[in-house]
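Q: I would like the atomic coordinates for the input below:
(chains A and B)
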Amino acid sequence: MRRRAFLMAAFVALAGCGERRGSTSTEASEGTVMTKDEILEIARQDAATKYRDLSIYNVTATQVGSEWRIVYSLKDNSDGGGPEYTIDQHGKIVSKKYYQ
Amino acid sequence: MEREGMRSGAPSGGAAGGAAPGAAPDMLSTAELARLKQRVGVSDDMIQALGGAQGLSPQQLAAIRANQAVPLQPGQRAQLEPMLHGPAPNPRDGQFALAHGLDRHEVVDGAWFGSDAPAPAPASTLQAPTASELTANGVVTAAIDASWSDSQVADATNRHEEGGWIYMDTTTGAITTRRAARGGGASINLWSPPAVAGSVVVGNWHTHPNPTSEGWEPGPSGADLTNQGRRNVPGFVKADDGLHTFGANRRASLTGNAGFP
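A: Next up, the predicted model:
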């Protein structure tokens, strides 16, 4: 019985993670602190709507206080630019810039 | 000789002209310019060296050097008419009026009319055009406009960056351009200007085709600014809000590497 309850709790927890991964900034729960990977995924989803090829960028994620700074920079020395985001720990995009 | 500073990062609506908005400036046509040069026999280098100090604007100097139509200031055409349409000059009689600000005796003695006075060495005065001179040059603006057209800005799927390089012939001062390979949606590589015989790179440009109305930044990116800082020549970005100028104001020397100095 105790083992069955443990499995149920684990299932619920996993299901919750899945929902968060697919959420957008506007859907993010303000009470949930997201992981770095989840923050990166929010940025990636937004960037993919503007930039046709994200494979040409390096992506850095830096936590500054309660916010994340996500920067896409070109892998080579071409002229151009990528998106830059400030995303809070709950997954809300606070600011974004689309450089070219 | 230089009268205008670089408009760093600030967009401009297009080629500088100096005319009042809506008023078409009187232009000395390329045919008239060629006739004038032939009749008075003064070199481009001499005009470049002395014209600025005598009232010719940077835009006029750049246009004269590039054999482009020259925007005229009020009154200049009247002064040029005798040279354009009058009798053929006697090299020593000094019968022609000079363009606005040019004093025959103080400025062009020995150059325009071939007196015995020694002429300055033109090669030592030839220098690369400034950013503002380049944006006033018809060859440059035509190349940038063509790049903008080729960027397919109205096509959300296929819009992409275009660009190229600006060259100056170190003997004649003539301005030419070369186009770079097609860029990506938000990037372009401008690090390999092709060699142009007798010329050096004096600038480069590229387009930012993605619209500001969709949240895109029109001006130069951090990478654009970093790269241009290493190139040591003026850089230009054409975007939907105008032309952005950044980087060096002019190539410092015509010697050295023919590509980026």
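Q: what does chain A have sitting close to chain B?
A: A:50-53, A:56, A:73-74, A:76-82, A:96-100 (C-beta under 8 Å from any C-beta of the partner chain). Any C-beta I mention is one placed from the backbone N, CA and C, and that applies to glycine too.
Q: if you set the cut-off to 10 Å instead, what comes out?
A: A:50-53, A:56-57, A:71-74, A:76-84, A:96-100 (C-beta under 10 Å from any C-beta of the partner chain).
Q: Quick check on those residues: which are buried?
A: For those, a neighbour count by 16 or more other C-beta atoms under 10 Å in any protein chain shown gives the buried set as A:50-51, A:56-57, A:71-74, A:78-84, A:96, A:98-100.
Q: Quick check on B:I175: phi, psi?
A: phi -100, psi 130 (degrees, to the nearest 10).
Q: Then B:V200?
A: phi -130, psi 160.
Q: Could you find the closest non-adjacent residue to it?
A: B:A258 (4.8 Å; C-beta to C-beta, 6 or more residues apart in numbering or on different chains).
Q: That neighbour should be in a strand, yeah?
A: No - counting by DSSP: H, G, I helix; E, B strand; the rest coil, B:A258 falls outside a strand, being coil.
Q: Starting from chain A, give me the distance back to it.
A: 20 Å (C-beta to the nearest C-beta, to the nearest Å).
Q: Give me every residue in the stretch 51-200 of chain B that's in contact range of chain A.
A: B:157-161, B:163, B:180, B:183-191.
Q: What subset of the residues you listed is buried?
A: Using 16+ other C-beta under 10 Å, the buried ones in these are B:159-161, B:163, B:180, B:183-190.
Q: Of the residues you listed, just say which sits nearest to B:Q60.
A: Distance to B:Q60 across those (C-beta to C-beta) is lowest for B:G163, with 27.5 Å.
Q: Quick check: closest non-adjacent residue to the closest one.
A: Closest to B:G163 by C-beta to C-beta, 6+ apart is B:H206, at 3.0 Å.
Q: Quickly run through the sheet partners of the helix or strand containing the one you found, with directions.
A: According to DSSP states H and E, B:H206 maps onto strand B:199-208. The pairing partners recorded for strand B:199-208 under DSSP bridges are strand B:163-169 (antiparallel), strand B:234-239 (parallel).
Q: Setting aside sequence neighbours, what's the nearest residue to B:L72?
A: B:D26 (4.5 Å).
Q: what does B:H244 give?
A: Going by C-beta to C-beta, 6+ apart, B:H244 has B:V237 as its nearest residue, at 4.3 Å.
Q: Who are the packing partners of the lengthiest helix in chain B?
A: Counting by DSSP state H, the longest helix found in chain B is helix B:138-150. Contacts defined by 3 or more C-beta pairs under 10 Å, 6 or more residues apart in numbering or on different chains; DSSP states H and E place helix B:138-150 against helix B:58-65, helix B:131-135, strand B:163-169, strand B:175-179, strand B:199-208, strand B:234-239, strand B:242-247.
Q: would you list those in JSON lines and tack on mean pLDDT?
A: Formatted as JSON lines, the helices and strands packed on helix B:138-150 follow (pLDDT from 0 to 100):
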{"stretch": "helix B:58-65", "mean pLDDT": "71"}
{"stretch": "helix B:131-135", "mean pLDDT": "98"}
{"stretch": "strand B:163-169", "mean pLDDT": "98"}
{"stretch": "strand B:175-179", "mean pLDDT": "98"}
{"stretch": "strand B:199-208", "mean pLDDT": "98"}
{"stretch": "strand B:234-239", "mean pLDDT": "98"}
{"stretch": "strand B:242-247", "mean pLDDT": "98"}
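Q: could those go into CSV alongside distance to B:V153?
A: Converted to CSV, the helices and strands packed on helix B:138-150 look like this (distance: least, C-beta to C-beta, whole Å):
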stretch, distance to B:V153
helix B:58-65, 27
helix B:131-135, 20
strand B:163-169, 14
strand B:175-179, 17
strand B:199-208, 8
strand B:234-239, 9
strand B:242-247, 14
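Q: check contacts around A:N77.
A: Contacts for A:N77 were tallied using C-beta atoms under 10 Å, 6 or more residues apart in numbering or on different chains; they are B:189-191, B:223, B:226-227, B:230.
Q: do that again at 7 Å, thanks
A: B:191, B:227 (C-beta atoms under 7 Å, 6 or more residues apart in numbering or on different chains).
Q: go on, B:S151?
A: With C-beta under 7 Å, 6+ apart, B:S151 has these contacts: B:159-162, B:207, B:209.
Q: State the pair within those residues that is farthest apart.
A: Most distant of the contacts of B:S151, by C-beta to C-beta, are B:R159 and B:E162, 10.1 Å apart.
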